[in-house]
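Asker: Okay, here's the prediction I keep looking at, along with the sequence it came from:
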Amino acid sequence: MGIKTLSDHYPTRVGARPEFIKRVDPVVWGGPEDGPLSAEQLARFERNGCLIVEGVFSQDEVDSFNTRLDEMSRDPDVQNDPGTITEPESNEVRSVFDVHKNDALFKATAEDRRVADIARQILDSQVYLHQSRINFKPGFAGKEFWWHSDFETWHAEDGMPRMRALSASITLTDNYEVNGPLMIVSGSQNTFVTTVGETPEDHYKSSLQRQQIGVPDEESLARLISDGEILTMTGRAGSVVFFDCNVMHASAGNITPFPRSNVFLVYNSVENTLEEPFAASSPRPEFLASRDFTPVGA
């Protein structure tokens, strides 16, 4: 499967210098009549590229999630699975992918209408799960995730053609200012920042631990941040953070005793299914980029 060169609205990893490309796709596709979010909430998502919905899941549900997470983190089969990523300096579990396919509890969570209906409303279409994962950020040991746009990788390495996808991050622990919460650059969803450097073969094997190709340069980051502001996604366990596929985001390391774990569900429109990669010689594995486009709840 070769690199795609035609009909590319967001070319990246092809030039000698990074560029800013104006977004040509809507941020919000639907309206208040299409789902549970109000006009004001949709406007906030469109303006900032993100939205926190508090108290979506009860404490009992959160406790069930965390019990299952604890079991998974100690399960040798999970630890040895190709979809489990460990910290580069230790054997601590960093992320577990494909949880909506491999675990009944998280499959039901991905299909839960309290989350999926919001994805359908913002994207104004049926959706499927492009990716799911659990991120662990234990106290004192959780490492940082550098600034990046998810869409840059999904476009370059997975073949996602347009910006019609979003992530839903379900907080399984309280997210404080100090324990490495998700940080988002408001307004950055409107600009696609190209990156420099060709995609190495099997790039995902190293990038999931520490990404160096496909991340923005410091000058571009400083410009984006000066045009917007950094929002920290703090909130109680059971909240859900929805954020646009192209918004620039990151999280700092956790040097506090307070752990931070989240379930990430990536919803893509069924009208935006994957093609050939736009800047890689072959697509990433299924556990990172599903090519099963069956609508959620079908």
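Answerer: Yep, that arrived. Numbers count the residues shown, from 1 in each chain.
Asker: Ends of stretch 41-59, what's the gap?
Answerer: Terminal residues of stretch 41-59 lie 24 Å apart, using CA to CA, to the nearest Å.
Asker: what do you get for stretch 31-43?
Answerer: 10 Å.
Asker: what's in contact with it?
Answerer: Applying CB atoms under 8 Å, 6 or more residues apart in numbering, the external contacts of stretch 31-43 come out as 28, 30, 45, 51, 53, 117-118, 120-122, 124. Bear in mind the C-beta positions are built from the backbone N, C-alpha and C, glycine included.
Asker: which SS class is the nearest residue to Cys50 once chain neighbours are set aside?
Answerer: If the residues on either side of it in the chain are set aside, Cys50 comes closest to Phe243, at 4.0 Å by CB to CB, 6 or more residues apart in numbering. What DSSP: H, G, I helix; E, B strand; the rest coil gives for Phe243 is strand.
Asker: now that we have the contacts of stretch 31-43, which one has the most neighbours?
Answerer: The most crowded member of these, judged by other CB atoms under 10 Å, is Ile122 (29 neighbours).
Asker: Shouldn't that residue be within a helix?
Answerer: Yes: per three-state DSSP, Ile122 lies within a helix segment.
Asker: What's the per-residue pLDDT of it here?
Answerer: Ile122 is assigned a pLDDT of 98 by the prediction.
Asker: got the contact list for it?
Answerer: Applying CB under 8 Å, 6+ apart, the residues contacting Ile122 are 28-30, 35, 37, 42, 45, 166, 242.
Asker: Out of these, list just those in strands.
Answerer: 166, 242 (DSSP state E).
Asker: Out of the contacts of Ile122, which is nearest to Pro285?
Answerer: Set against Pro285, the nearest of the contacts of Ile122 by CB to CB is Leu166 (22.0 Å).
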